[in-house]
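K.L.:
sharing a model prediction with you, sequence too.
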Amino acid sequence: MKIAISTIGMLIFFVHVACSAESSPQKQEKSIRELIIHLNNEYRFLDAELKKLEDDIKEFPHTTLSISVIKRDNTVRLISLEIFDGDRPLGKHIYTTLENEAMEAGGRHQVFEAEIKEGNHTLKAVYYWTKTDKSPQKDETIIPVSISLGNSSFLELSFDKKENKIGLSHYQLNFSSK
């Protein structure tokens, strides 16, 4: 930012000097030449700095979290799911009959995939479900997740029938990008 301001200041100064009526044509030409040389040097410096930033971004370790849902039980229907990281919503979905059938047949639904900050996160899954011909029920589960810099973390949420309720279990798998 300081470089841009100083470059603009120098540009204004040189243009003022070059356009001054009291200057001779030789002085004006010399001033313009100096301005062009200065601007060219600034451009080369800024271009080199930009290339460094681009290289840093390309080599930066990606830290991602991917959350998917599986459900095998055909006596329970998943209605909706919301996932929060603290108070920040990560993903939400309302499930159709077709999606429930697809999960029962072995499919999975990816709810979230994005870059995430490293460290310990406390995820909260809020979900609505129903048994056949019963009224919907709401449950929630707290999921502690540890994210390491440069790792891709995969979190699988599995809806399983436990007694008269549907329980949510989770499994985390980490892959290093190094």
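P.N.:
On my side now, so go ahead. Numbers count the residues shown, from 1 in each chain.
K.L.:
lowest-confidence helix or strand of the chain?
P.N.:
Lowest on mean pLDDT, DSSP states H and E among the helices and strands of the chain sits helix 2-19, with a mean of 59.
K.L.:
need the nearest residue in space to the residue nearest the centre of the chain, chain neighbours excluded.
P.N.:
Centroid-nearest residue in the chain, with Cα atoms, centre = their mean: residue 115, separated by 3.7 Å. Sequence neighbours aside, residue 64 is the residue nearest to residue 115 in space, at 5.7 Å (criterion: Cβ to Cβ, 6 or more residues apart in numbering). Where you see a C-beta, it was placed from the backbone N, CA and C, and this is true even at glycine.
K.L.:
I'd say residue 148 and residue 116 touch.
P.N.:
No - between residue 148 and residue 116 there is no contact under Cβ atoms under 8 Å: 10.8 Å.
K.L.:
would you map out the domains in the protein?
P.N.:
Split into domains by automatic domain parsing, the chain comes to 2-59, 64-176.
K.L.:
three-state assignment of the closest residue to residue 104 other than its chain neighbours?
P.N.:
Spatial nearest neighbour of residue 104, chain neighbours left out: residue 74 (4.7 Å); criterion: Cβ to Cβ, 6+ apart. Following DSSP: H, G, I helix; E, B strand; the rest coil, residue 74 is assigned to coil.
K.L.:
could you pull out the helices for the chain?
P.N.:
Along the chain, the segments classed as helices by DSSP state H run 2-19, 25-59, 97-104.
K.L.:
mind telling me which of those helices the model trusts least?
P.N.:
Least confidently modelled of the helices of the chain is helix 2-19, at a mean of 59 by mean pLDDT.
K.L.:
contacting residues for the closest residue to residue 160 other than its chain neighbours?
P.N.:
Leaving aside its chain neighbours, residue 160 sits nearest to residue 167 (5.4 Å; criterion: Cβ to Cβ, 6+ apart). By Cβ atoms under 8 Å, 6 or more residues apart in numbering, residue 167 lies in contact with 159-161.
K.L.:
one more time with 10 Å, if that's ok
P.N.:
139, 141, 158-161 (Cβ atoms under 10 Å, 6 or more residues apart in numbering).
K.L.:
I'd say the residue nearest to residue 115 and residue 149 touch.
P.N.:
No - in this structure residue 64 lies outside contact range of residue 149 using Cβ atoms under 10 Å: 11.2 Å.
K.L.:
against residue 128, how distant is residue 110?
P.N.:
According to Cβ to Cβ, to the nearest Å, residue 110 stands 19 Å off from residue 128.
K.L.:
ah, wrong one, I meant residue 143
P.N.:
Using Cβ to Cβ, one gets 17 Å for the distance from residue 143 to residue 128.
K.L.:
same thing with residue 74?
P.N.:
From residue 74 to residue 128 the distance is 18 Å (Cβ to Cβ).
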